[in-house]
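Colleague: sequence isn't available, so here's the structure alone:
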């Protein structure tokens, strides 16, 4: 995870915090909701974990840092794995991000990206970190996350950080604060789907 200190704030990060009066975030949120709900209607079946895996999690005996398939006890689940990460900001050796992997949807000229992978927890608050350029997903832009292990749970968070480091975990697509993860009923290593708006369009 990369935290941007005051002394190391990049111009890209600073620019991402500026308001864009030409964009209605509420309209973007409505589009994200529609895309996600359409997908939910098509496939609302929960991912099932074996009783042995569930018991190990409850007893704290399962190492949640191990291979996702062994945690979820499912083979062949879709994961949009980043095998060739991009060093997005050369001055920051931890800013290894993702290409625009996943399903792409267009609405009124805007590009929306749906990605499948894993969510992890890294702070205690409402933080949401995604591994994309700050110019594409700005500070405060909405990120819709659906728990695919229990598909009833979905939350909308707002980008506050960069991560996860794709050079380390190419199957991790979002890092969450504990508070927002709790509302998602996550367990610290959760199979999920993210839906977000890419401001710059399909340019890499």
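Modeller: Perfect, thanks for sending it. What you see is a predicted model; the values in this text were computed from it and never measured. Numbering: from 1, shown residues only.
Colleague: tell me how far residue 87 lies from residue 80.
Modeller: Applying CB to CB, to the nearest Å, the value for residue 87 to residue 80 is 19 Å. For glycine as for every other residue, the C-beta is placed from the backbone atoms N, C-alpha and C.
Colleague: can you list the buried residues in stretch 160-177?
Modeller: Buried positions in stretch 160-177, judged by neighbour count with 16 or more other CB atoms under 10 Å: 160-167, 169-177.
Colleague: pLDDT (mean, whole number) over it?
Modeller: When pLDDT is averaged over stretch 160-177, the result is 96.
Colleague: how far does that stretch stretch from start to finish?
Modeller: From its first residue to its last, stretch 160-177 covers 10 Å (CA to CA, to the nearest Å).
Colleague: same thing with stretch 177-196?
Modeller: Note: stretch 177-196 ends 18 Å apart using CA to CA.
Colleague: now, which of the buried residues of stretch 160-177 lie within strands?
Modeller: The strands, defined by DSSP state E, take in 161, 162, 172, 173, 174, 175, 176, 177 from these.
Colleague: residue 28 belongs to a helix, doesn't it?
Modeller: Yes: Residue 28: assigned to a helix according to DSSP: H, G, I helix; E, B strand; the rest coil.
Colleague: what sits against the nearest residue to it once chain neighbours are set aside?
Modeller: Using CB to CB, 6 or more residues apart in numbering and skipping residues adjacent in sequence, the residue nearest residue 28 is residue 197, 5.1 Å away. Applying CB atoms under 8 Å, 6 or more residues apart in numbering to residue 197 gives the contacts 28, 31, 32, 110, 111, 112, 113, 137, 141, 142.
Colleague: just the buried ones out of the residues you listed, please.
Modeller: Buried subset of the contacts of residue 197 (neighbour count, 16+ other CB under 10 Å): 28, 31, 32, 111, 112, 113, 137, 141, 142.
Colleague: from residue 159, how far out is the residue positioned nearest the centre of the chain?
Modeller: Centroid-nearest residue in the chain: residue 174, 2.9 Å away (criterion: CA atoms, centre = their mean). Applying CB to CB, the value for residue 174 to residue 159 is 10 Å.
Colleague: returning to what we had before: just put the contacts of residue 197 in a markdown table and tack on pLDDT, secondary structure and distance to residue 103.
Modeller: Listed next are the contacts of residue 197 as a markdown table, based on pLDDT from 0 to 100; DSSP: H, G, I helix; E, B strand; the rest coil; distance: CB to CB, whole Å:
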| residue | pLDDT | secondary structure | distance to residue 103 |
| --- | --- | --- | --- |
| 28 | 97 | helix | 17 |
| 31 | 97 | helix | 14 |
| 32 | 97 | helix | 13 |
| 110 | 95 | strand | 15 |
| 111 | 97 | strand | 11 |
| 112 | 98 | strand | 9 |
| 113 | 98 | strand | 7 |
| 137 | 97 | coil | 16 |
| 141 | 97 | coil | 19 |
| 142 | 98 | strand | 18 |
